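Asker: Below: sequence and its predicted model.
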Amino acid sequence: MKRILVTGAGGQIGSWLVPRLRDEYGASSVMATDIRLLGPEVTDAGPFQVLDATDPKAVGQAVMRHRADTVYHLAAILSAIGEKDPRLAWHVNMMSLEAVLEVAREQRCAVFTPSSIGVFGPDSPKDPTPQDTIMRPATMYGITKVAGELLCDYYHTRFGVDTRGVRFPGLISYGAPPGGGTTDWAVEIFHAAVEHGRYTCFLSPESQLDMMYMPDAVDALLGVMEADPARLVHRNAFNVTAMQLAPRKLAAAIQEHVPGFEIEYDIDPVRQAIADSWPDRIDDSAARAEWGWCPRYDDAAMTADMFEHIQTR
C-alpha cells in the first residue's frame, strides 16, 4: 500500500488531489501538509501537518514519520504573484523542490512536481508548442519551472529518484480559489457571472491560452505517476492540455447559461505580457503516446459542470 505525503495541500490542485488520493489509497495513507493550518475537511479526514516545505529537516522528518514512499510536491508561488516578489518565488519554488528531492534521494521516494506552460517564452513556437523546444521564459515563475524540470531530470539520472511531472496549462475549478496565476480569470469569470452577471477581465478578449478542468488535471497527475516507467521518455515534464480558451470565447459559452452576462476589459499589463509570452496551443502527443493521456472535458462540458457546482454551492 502506498504511503503518500502532499505539500501545498491547501492550494488549487492540492484541495482536489488529497481527497482523491485518500479515496484511492485510504485516508490514513495520505499525509496532507501546508504552510498554514487548513480546514476540518482536510485535517479531520486524515493525517495533517503544518509544514514549511523549504525546510529540508522538517520535510525529512515528515516523510520519515509518515513512512512515505511518494511525495506530491505542490507548494509553489505562481506566475503573477511571482512577478510581484521574484526573490520570494525563487526561494519558495527552488528551495522547496531541492529539499523534497534530497529527502527523496535519501529515503528512496518517488516525486511528482507540477511544471507549467510558463516554461515557454516568447521565442518558443506558439501553435503548436512542441514537447521538446526552446524554453526561455520571461517570468521568474517560468524560470523556476525550467530549472525544476532540469533538477528533477538530474536527480533521476544521477541518483535514480523516480521523478515525474506534467506541464499544466491554466486550471479551472470550483474548489479552492486561484492562487495568483495569469489564468485566474478563467475561474473568476464563473463566480462573477453567478454573483453579478458581469465580469471585468484583466486580459484582452483574444488572449488564447491552453486550459484544463481540474478533474482532468488530477487524472493527468495520477496517470503519469501510475504509468509504466519503461515507457516514459519525457519524465520531467509532459505537455498536457484539454482546450484552448480566450476571454471572448469563454464569455460566449457562459452567456448560454447566464443570458445577459456581460464582460468588460481592464487589461493588466503585467499579466497580459505573461500571457502573450505563453503558447496559444501546446502539443501533448508525447503524453498521449507514452502513458495514454486523454482529457474527458472540453470547454462545453467544463462550462456546464462549473455552473452546476457553483450554483449548488
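Answerer: Good, I have the coordinates.
Asker: which other residues reach stretch 222-232?
Answerer: 20, 24, 70, 110, 112, 162, 164-166, 238, 287, 290-293 (C-beta atoms under 8 Å, 6 or more residues apart in numbering). Yep, even glycine has a C-beta here, placed from its N, CA and C like the rest.
Asker: Just among those, which is most surrounded?
Answerer: Using other C-beta atoms under 10 Å as the neighbour test, the contacts of stretch 222-232 are led by residue 166, with 28 neighbours.
Asker: so where do the strands sit in this structure?
Answerer: Applying DSSP state E to the chain gives strands spanning 4-7, 30-34, 48-50, 70-73, 110-112, 115-116, 163-164, 166-168, 170-172, 198-201, 209-213, 238-239, 243-245, 262-265.
Asker: Sheet partners, orientation included, of the last one?
Answerer: What it means is strand 262-265. Within its sheet, strand 262-265 is paired with strand 198-201 (parallel), according to DSSP bridges.
Asker: which residues touch the strand it pairs with?
Answerer: Residues contacting strand 198-201 (C-beta under 8 Å, 6+ apart): 185, 188-189, 192-193, 247, 251, 261-266.
Asker: Then stretch 13-25?
Answerer: The contact list for stretch 13-25 (C-beta under 8 Å, 6+ apart) reads 1-2, 4, 6-9, 29-30, 32, 34, 42, 45-46, 72, 74, 114, 168, 171, 173, 175-176, 214-215, 217-218, 221-222.
Asker: and it, which residues are buried?
Answerer: Buried positions in stretch 13-25, judged by neighbour count with 16 or more other C-beta atoms under 10 Å: 13-19, 21-22.
Asker: export the residues you listed to JSON lines and tack on distance to residue 138 and pLDDT?
Answerer: Shown next, in JSON lines, are the buried residues of stretch 13-25 (distance: C-beta to C-beta, whole Å; pLDDT from 0 to 100):
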{"residue": "13", "distance to residue 138": "24", "pLDDT": "95"}
{"residue": "14", "distance to residue 138": "27", "pLDDT": "96"}
{"residue": "15", "distance to residue 138": "29", "pLDDT": "94"}
{"residue": "16", "distance to residue 138": "29", "pLDDT": "96"}
{"residue": "17", "distance to residue 138": "29", "pLDDT": "97"}
{"residue": "18", "distance to residue 138": "32", "pLDDT": "98"}
{"residue": "19", "distance to residue 138": "35", "pLDDT": "97"}
{"residue": "21", "distance to residue 138": "34", "pLDDT": "98"}
{"residue": "22", "distance to residue 138": "38", "pLDDT": "98"}
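Asker: now, which of these sits nearest residue 58?
Answerer: Checking the buried residues of stretch 13-25 against residue 58 by C-beta to C-beta gives residue 14 as the nearest, at 17.6 Å.
Asker: what's the spacing between the closest one and residue 245?
Answerer: Distance from residue 14 to residue 245, counting by C-beta to C-beta, to the nearest Å: 23 Å.
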